[in-house]
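K.L.:
model the structure of this input:
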Amino acid sequence: MASKGRIVITGAAGFLGSHLAETLLDMDYAIVGVDNLITGDEANIAHLRGRSFEFSKQNVSDHIDIDGPVNSVLHFASPASPIDYAELPIPTLKVGSLGTHNALGLAKAKGASFLLASTSEVYGDPLEHPQKETYWGNVNPIGPRSVYDEAKRFAEAITFAYHRQHGIDTKIVRIFNTYGPRMRVNDGRAVPAFASQALRNEDVTIFGDGSQTRSFTYVSDLVDGIIRLMLSKEHGPINIGNPREMTIKEIAETIIRMTGSKSQLINKPLPKDDPKQRKPDITLARTKLGWEPKVALEQGLVTTLEYFRTKVH
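P.N.:
Below you'll find the model as predicted:
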């Protein structure tokens, strides 16, 4: 066993879970990765085999069965893009509710700490800008995006209930838009969509007029923030995101320029309940965790676009 303890990561074969597993292995933790591969990919964790890494194919919404001691449970299992939750609305709701319940149950049974991957989507289409952790959000509870938004809001509620009722050391991170290698080419999020279209010299599709804003965090910065929270005495929720706000049009134009693409921008109607603004207030992360993002967008896009070049044909 690695010297620092044993950590269970649900959703370990996903984009974020696999980067988190890799960094924690580098820090001398043993990792048990759990994933049902509904949106995860074993290729994301293939290079971790042979290290202190075990993989268990399980659907955490049904049950989680882990033998032996566990020090921390990091719950990252969930479809996480609008395309995914449009196709998988019920599994998305189940993993946020039943999956979170099961992951908390595992932490309770093992006497482990628990960290929930929540999301900026709990703020909905925000009426407060930038978004602070104290903001309660503006979410349509029955809209097409509600299966993700409300699942994560419920997940936060049950995490705090377990903390208050059972005294479990729980932590909640609210993750803002993140990008980097191992994103799925066709997952529908802005960076993979724009990168794959630009690399194929196809029209780059932006929804609405492209004036809606997002704040993009490179994956290594996000993982750093998550691990700082895991090792801290904070319970959260704490926003981890890059406060550099850009319009969707600007990010599309940056990717077209960096790929040397001949692509043109075309506009399509804005999806229902698509947030108009997204920008984290990271005062808490700075003051409580000593965290702030280090990787500039253009710098992070270099490695991300290199990865997509190997995937786009």
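K.L.:
which one is Gly14 nearest to, not counting chain neighbours?
P.N.:
With sequence-adjacent residues excluded and distances taken as CB to CB, 6 or more residues apart in numbering, Gly14 is closest to Gly40, at 4.4 Å. Every C-beta, even on glycine, is put in place using the N, C-alpha and C of the backbone.
K.L.:
what about that neighbour, how many residues nearby?
P.N.:
Neighbour count of Gly40, defined by other CB atoms under 10 Å: 26.
K.L.:
repeat that for Glu133.
P.N.:
Using other CB under 10 Å, Glu133 has 18 other residues around it.
K.L.:
ok, it - contacts?
P.N.:
Each residue near Glu133 by CB atoms under 8 Å, 6 or more residues apart in numbering is listed here: Arg174, Gly236, Pro237, Ile238, Asn239, Asp281, Leu284.
K.L.:
repeat that for 7 Å
P.N.:
Remark: with contacts taken as CB atoms under 7 Å, 6 or more residues apart in numbering, Glu133 is in contact with Arg174, Pro237, Ile238, Asn239, Leu284.
K.L.:
hang on, the earlier thing: does the residue nearest to Gly14 really touch Ile9, like I thought?
P.N.:
No. Counting by CB atoms under 7 Å, Gly40 sits too far from Ile9 to count as a contact (10.9 Å).
K.L.:
re the thing from before, and the contacts of Glu133, which is closest to Pro293?
P.N.:
Nearest to Pro293 among the contacts of Glu133 is Asn239, at 11.5 Å by CB to CB.
K.L.:
what helix or strand is the closest one located in?
P.N.:
Assigning secondary structure by DSSP states H and E places Asn239 in strand 238-240.
K.L.:
do you know how far Phe216 is from Lys152?
P.N.:
Plainly put, Phe216 is 19 Å away from Lys152 if you go by CB to CB, to the nearest Å.
K.L.:
same question for Leu88.
P.N.:
Applying CB to CB to Leu88 and Lys152 gives a distance of 15 Å.
K.L.:
quick one: which of these two has more around it?
P.N.:
Using other CB under 10 Å as the criterion, Leu88 and Lys152 rank with Lys152 on top: 27 against 18.
K.L.:
quick one: residues contacting that one.
P.N.:
Residues near Lys152 by CB under 7 Å, 6+ apart: Gly96, Ser118, Thr119, Glu121, Val122.
K.L.:
just say helix, strand or coil for Ile7.
P.N.:
Put simply, Ile7 is strand when judged by DSSP: H, G, I helix; E, B strand; the rest coil.
K.L.:
mind listing the helices for the stretch 201-313 of the chain?
P.N.:
Using DSSP state H, counting those that start in this stretch, the helices of the stretch 201-313 of the chain run over 219-231, 248-259, 283-289, 297-311.
K.L.:
packing partners of the first one?
P.N.:
In this structure, helix 219-231 makes packing contacts with helix 15-26, strand 170-175, strand 178-179, strand 238-240, helix 283-289, judged by 3 or more CB pairs under 7 Å, 6 or more residues apart in numbering; DSSP states H and E.
K.L.:
list the buried ones in the following helix or strand past the longest one?
P.N.:
If I follow you right, that is helix 15-26. Reading on from helix 15-26 to the C-terminus, the next helix or strand found by DSSP H and E is strand 30-35. Neighbour counts using 16 or more other CB atoms under 10 Å place Ala30, Ile31, Val32, Gly33, Val34, Asp35 of strand 30-35 among the buried residues.
K.L.:
now do the contacts for the closest residue to Leu88 other than its chain neighbours.
P.N.:
Leaving out its chain neighbours, the residue that sits closest to Leu88 by CB to CB, 6+ apart is Pro79, at 5.0 Å. Residues near Pro79 by CB under 7 Å, 6+ apart: Thr39, Tyr85, Leu88, Pro91, Thr92.
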